[in-house]
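> sequence isn't available, so here's the structure alone:
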């Protein structure tokens, strides 16, 4: 019973990390395509310096 819960927590953590990585990749792609212009997203240089 306990082991199942721990495994599930581990899976949740993994999928959360993967989701965050995917979001970062999507943002980078958008920055590349739009050159950071578009109002919604900041240019990559701004994000790095924060």
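Perfect, I can see it now. Computed from a prediction, not measured in an experiment: that's the story for all the values here.
> low-confidence ranges in this structure?
By pLDDT under 70, the weakly predicted segments of the chain are 1, 30-50.
> how about 80 then?
For the chain, the stretches flagged by pLDDT under 80 are 1-2, 27-50.
> quick one, strands of the protein?
Remark: no strands are assigned in the chain by DSSP state E.
> scan it for its longest helix.
helix 2-34 (DSSP state H).
> residue 24 and residue 18, how far apart?
11 Å (C-beta to C-beta, to the nearest Å). Any C-beta I mention is one placed from the backbone N, CA and C, and that applies to glycine too.
> just residue 4 next, same as before
The spacing between residue 4 and residue 18, counted by C-beta to C-beta, is 21 Å.
> same thing with residue 26?
Counting by C-beta to C-beta, the gap from residue 26 to residue 18 is 13 Å.
> can you check residue 10 too?
To residue 18, residue 10 is 13 Å away according to C-beta to C-beta.
> how many residues are close by residue 28?
Residues near residue 28, counting by other C-beta atoms under 10 Å, number 13.
> hmm, I was thinking of residue 6
Residue 6, neighbours per other C-beta under 10 Å, totals 9.
> do the one 10 residues further on as well
Residue 16 is flanked by 10 other residues according to other C-beta under 10 Å.
> same thing with the one 3 residues further on?
Number of residues near residue 19 (other C-beta under 10 Å) recorded here: 10.
> and what of residue 12?
10.
> and if you look at the one 10 residues further on?
Residue 22 is surrounded by 10 other residues when neighbours are defined as other C-beta under 10 Å.
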